[in-house]
Each structure stands twice: as C-alpha cells, then as structure tokens.
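Peer 1: fold the following, please.
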Amino acid sequence: MAYQDNNRFQRQMFDITSLGITCAECGAAITQLPFEPTKKEDGTYGKLYCYECNKKRMRDRGPRRDFGGRSSY
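Peer 2: Residues are numbered from 1 along each chain as shown. Got it, this is the predicted structure:
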C-alpha cells in the first residue's frame, strides 16, 4: 500500500492517455484517473473533469447532507 504524506491511502491511477479524453470544463487533456472509464451507450465517456476542475466542483458543491439513511419526520 502506498501512502501520501498525510497518511491517506493513495489511490491507484489508470493511464488513459491513449483514450484522448479532455476535461469537460477547461478542455485540458486528462492523462490519469483513479478509475478506468467505460463508454456509455452513446459511445462517449460522459463528462470527465481534470483534477483541478473536479477539486473546484467539489469545493463549490458544499458539504454533503442526508447520507446516513435516516429519515426526518
């Protein structure tokens, strides 16, 4: 297992250079992803974002809520 400096597990990265995928937001070439993308029924990979754009999207999204499965009456 590989760990980063902050003791978090470093995810396996997949080289996707040969697929020619670009970021849906900024248009930068995406060369690595922490998963292997699969084609959708329409033959595209859907919207994929580079590391920086994805980080910005997660920050702008705000905190996650209601993911514990408890219902509020």
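Peer 1: and stretch 47-57, what's its mean pLDDT?
Peer 2: The pLDDT scores in stretch 47-57 average 94.
Peer 1: strands of this protein, residue ranges please.
Peer 2: In the chain, the strands defined using DSSP state E lie at 14-15, 32-33.
Peer 1: including distance to residue 56, mean pLDDT and mean neighbour count, could those go into CSV?
Peer 2: Quick note: C-beta positions are derived from backbone N, CA and C, even for glycine. Converted to CSV, the strands of the chain look like this (distance: least, C-beta to C-beta, whole Å; pLDDT from 0 to 100; neighbours: other C-beta atoms under 10 Å):
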stretch, distance to residue 56, mean pLDDT, mean neighbour count
strand 14-15, 22, 94, 12
strand 32-33, 17, 94, 16
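Peer 1: kindly reformat the ones you listed as TSV containing distance to residue 47.
Peer 2: Listed next are the strands of the chain as TSV, based on distance: least, C-beta to C-beta, whole Å:
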stretch	distance to residue 47
strand 14-15	18
strand 32-33	13
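Peer 1: out of those strands, nearest to residue 52?
Peer 2: Evaluated over these, closeness to residue 52 peaks at strand 32-33, with 13.0 Å, by C-beta to C-beta.
Peer 1: chain center to the lowest-mean-pLDDT helix or strand in the chain, what's the gap?
Peer 2: Ranked by mean pLDDT, DSSP states H and E, the helix or strand of the chain with the weakest confidence is helix 51-61, at a mean of 92. How far helix 51-61 lies from its chain's middle: 9 Å, per C-alpha atoms, centre = their mean, to the nearest Å.
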